[in-house]
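Trainee: I need the structure of the sequence given here:
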Amino acid sequence: MNRVVITGMGTVNPLGKNAEEFWKNIVANKIGFSYIDQFDAENFDVKIVGAVKDFDSGKYIDKKEAKRMERFTQFAVYSTLDALSDAGTDLKDLDPFRVGVIIGCGIGGLEETQSEHKKYLEKGPNRISVFYIPTMIANMAAGQVSMSTGFKGSNFATVTACASATHAIGEAFRKVKHGYLDACICGGTESCITEFALGAFNNMKALSNATELDKASTPFDAERQGFVLGEGSGILVIEELEHAKARGAKIYAEIVGYGETADAYHITSPDPEGEGAAMAMKMAYEEGGLSAGDIGYINAHGTSTGLNDKYETLAIKKALGEQAENVVINSTKSMTGHLLGAAGGIEAIVTALSLKNGIVHKTVGYKTPDPECDLDYCVEANREISIKAALSNSLGFGGHNATICLKRYE
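Mentor: The predicted structure follows:
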């Protein structure tokens with residue numbers, strides 16, 4: 001079996017347009033939220049989102065090509081090319097059929113769907129853009145990244161709601177580990193800050209209706225009231241270890257395990273027993289040859305919703321046993337909001353950098369303890385600790401559970 005390492009990172013999100021800027025703002029505990037200005041939100045209960053501001057794709061994408069890409073696809077292409085730059089290679093020394101692109105997306109082109117549907121209602125079916133279908137479909141991010149890089153290996157999109165990016169990374173890890181690929185571009189992307197999405201999520205009672213930016217997303221807090229809708233992308237370059245070493249690559253972390261399960265319970269609620277999420281975590285660290293005692297940190301799904309946070313807490317206890325009392329847990333969504341299908345991508349970046357730098361960021365916004373969420377959520381300040389191994393969790397509507405296990409590279 002091959003060892004698999006992370007050698008490049010690229011991201012566009014509410015806290016940065018590259019991994020270095022993102023990490024700097026994360027450890028500074030900055031909040032990436034803003035008041036809605038993309039459209040008139042007067043009639044909406046929700047006032048706050050995690051938007052990417054001043055995004056200019058021109059650094060990596062031709063203007064003509066950008067017009068044929070929905071925002072989520074632009075994010076993915078931009079982040080991929082930035083990740084390859086960070087990795088210090090275009091991977092052209094490899095057979096292009098040995099380099100894959102696996103990029104998750106939970107929803108796809110909802111912005112394009114909303115605008116084209118309006119056009120249909122106002123002007124009729126003949127005025128729908130010929131580019132609508134190939135622009136909005138969720139797999140187009142992976143397809144366009146392949147076209148932008150020339151990589152011809154495994155190429156597909158994982159579509160498992162909020163678990164999409166972590167599933168993509170896990171599937172990419174397995175393909176490199178078992179020798180089907182030598183390297184892979186993987187992660188997730190999403191852009192659906194629209195009237196339609198905001199209204200739909202709010203009607204589900206999933207979103208925070210807070211009016212103060214610093215109180216909008218408060219994972220594991222007793223007064224949490226829902227998630228902040230975010231957007232962006234998080235992309236990793238992963239390689240077989242020997243190839244990375246041969247070219248003198250910098251290595252952020254090693255991916256050693258992947259767990260994937262289903263709750264088989266409900267379309268939106270996690271299983272109250274936490275069995276599926278617990279099993280995904282256990283499968284991930286056991287594949288890496290580790291025990292519960294080796295896990296020092298968990299980047300939790302931590303959505304700031306009533307059900308997720310207490311059921312994820314229970315799942316961690318079941319997955320780690322007594323070690324649950326010792327592990328440090330945090331939620332990156334306390335600063336970025338919930339990037340849906342891209343969440344696991346940016347959270348994998350945070351997990352890898354936490355391992356490499358020995359820093360676990362604070363869960364920002366936490367004030368009031370919840371007796372049902374009684375673990376260490378790193379609520380006082382950033383924690384400087386040496387971590388051997390960590391987990392990153394993603395749990396999606398439909399009962400999809402995905403966990404990756406990362407290990408400090410030695």
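
Trainee: Now do the same for the helix or strand harbouring Ile102: mean pLDDT, whole number.
Mentor: With elements delineated by DSSP states H and E, Ile102 resides in strand 99-104, which encompasses its position. Across strand 99-104, pLDDT averages out at 98.

Trainee: can you pull the buried residues of that strand?
Mentor: Under the neighbour-count criterion of 16 or more other CB atoms under 10 Å, strand 99-104 has Val99, Gly100, Val101, Ile102, Ile103, Gly104 buried. C-beta coordinates here come from the backbone N, C-alpha and C atoms, glycine included.

Trainee: Stretch 212-226 too?
Mentor: For stretch 212-226, the buried set under the neighbour-count rule, 16+ other CB under 10 Å, comprises Leu213, Lys215, Ala216, Ser217, Thr218, Pro219, Phe220, Asp221, Arg224, Gln225, Gly226.

Trainee: Next up, the contacts around the third one.
Mentor: Pointing back at Ala216 there. Ile31, Phe33, Ile48, Ser208, Ala210, Val228, Gly337, Gly365 (CB atoms under 8 Å, 6 or more residues apart in numbering).

Trainee: The last one now?
Mentor: Shown here is Gly226, whose contacts under the criterion CB under 8 Å, 6+ apart are Lys205, Ala206, Leu207, Ser208, Asn209, Ser304, Thr305.

Trainee: Serialize these to CSV and add fields for distance to Leu355 and secondary structure.
Mentor: What follows is the contacts of Gly226, written out as CSV (distance: CB to CB, whole Å; DSSP: H, G, I helix; E, B strand; the rest coil):
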residue, distance to Leu355, secondary structure
Lys205, 36, coil
Ala206, 31, coil
Leu207, 32, strand
Ser208, 30, coil
Asn209, 36, coil
Ser304, 24, coil
Thr305, 27, coil
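
Trainee: Partner strands of the strand holding Ile102, with direction?
Mentor: Using DSSP bridges, strand 99-104 pairs in its sheet with strand 155-156 (parallel), strand 183-190 (parallel).

Trainee: and among the ones you listed, the most buried is which?
Mentor: With neighbours taken as mean count of other CB atoms under 10 Å, the strands paired with strand 99-104 reach their highest mean count in strand 183-190, at a mean of 34.

Trainee: Next SSE downstream of that one?
Mentor: As the chain continues past strand 183-190, the following element, by DSSP H and E, is helix 195-203.

Trainee: buried set for that next one?
Mentor: Residues of helix 195-203 classed as buried: Ala197, Leu198, Phe201, Asn202 (neighbour count, 16+ other CB under 10 Å).

Trainee: As a markdown table, these with distance to Gly150 and pLDDT would be great.
Mentor: Written out in a markdown table, the entries for the buried residues of helix 195-203 read as follows (distance: CB to CB, whole Å; pLDDT from 0 to 100):
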| residue | distance to Gly150 | pLDDT |
| --- | --- | --- |
| Ala197 | 33 | 95 |
| Leu198 | 38 | 94 |
| Phe201 | 37 | 95 |
| Asn202 | 42 | 95 |
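
Trainee: export the residues you listed to TSV and tack on distance to Arg408?
Mentor: As requested, the buried residues of helix 195-203 are arranged in TSV below (distance: CB to CB, whole Å):
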residue	distance to Arg408
Ala197	38
Leu198	39
Phe201	37
Asn202	41
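
Trainee: Ala402: which of those residues is nearest?
Mentor: Taking CB to CB as the measure, Ala402 lies nearest Phe201 of the buried residues of helix 195-203, at 20.9 Å.

Trainee: which of the buried residues of stretch 212-226 lies closest to Asp309?
Mentor: Nearest to Asp309 out of those is Phe220 (CB to CB; 5.0 Å).

Trainee: got a pLDDT number for the closest one?
Mentor: For Phe220, the predicted pLDDT is 98.

Trainee: SS state for it?
Mentor: Using DSSP: H, G, I helix; E, B strand; the rest coil, the secondary structure recorded for Phe220 is coil.

Trainee: Next one: it from Ala352, what distance?
Mentor: 23 Å (CB to CB, to the nearest Å).

Trainee: do Gly109 as well
Mentor: Gly109 is 29 Å from Ala352, where distance means CB to CB.

Trainee: now do Val237
Mentor: The span separating Val237 from Ala352 equals 11 Å under the rule CB to CB.

Trainee: Now the common contact residues for those two.
Mentor: Jointly contacting Val237 and Ala352 under the rule CB under 8 Å, 6+ apart are Ile6, Met9.

Trainee: circling back to that earlier point, mark which of the contacts of Gly226 are buried, thanks.
Mentor: Applying 16+ other CB under 10 Å to the contacts of Gly226, the neighbour count classes Ala206, Leu207, Ser208, Ser304, Thr305 as buried.

Trainee: could you dump these to TSV with distance to Gly358 and pLDDT?
Mentor: Converted to TSV, the buried ones among the contacts of Gly226 look like this (distance: CB to CB, whole Å; pLDDT from 0 to 100):
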residue	distance to Gly358	pLDDT
Ala206	35	96
Leu207	35	97
Ser208	32	97
Ser304	26	98
Thr305	30	98
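
Trainee: Kindly indicate which of those residues lies nearest Ala244.
Mentor: The shortest approach to Ala244 among the buried ones among the contacts of Gly226 belongs to Ser304, at 36.4 Å (CB to CB).

Trainee: what are the phi and psi angles of the closest one?
Mentor: For Ser304, the backbone dihedrals are phi 80, psi 20 (criterion: degrees, to the nearest 10).

Trainee: Look up how far Lys119 lies from it.
Mentor: Counting by CB to CB - Ser304 and Lys119 are separated by 36 Å.

Trainee: Need the three-state assignment for Asn126.
Mentor: On the three-state scheme (three-state DSSP), Asn126 is labelled helix.

Trainee: burial count for it?
Mentor: When neighbours are counted by other CB atoms under 10 Å, Asn126 registers 6.

Trainee: And Gly124, by the same measure?
Mentor: Residues within reach of Gly124, counting by other CB under 10 Å, total 9.

Trainee: same question, Gly179
Mentor: Each residue near Gly179 was counted by other CB under 10 Å, and the total is 11.

Trainee: so it makes contact with Asn2?
Mentor: Yes: contact status for Gly179 versus Asn2: in contact at 6.1 Å, counting by CB atoms under 8 Å.
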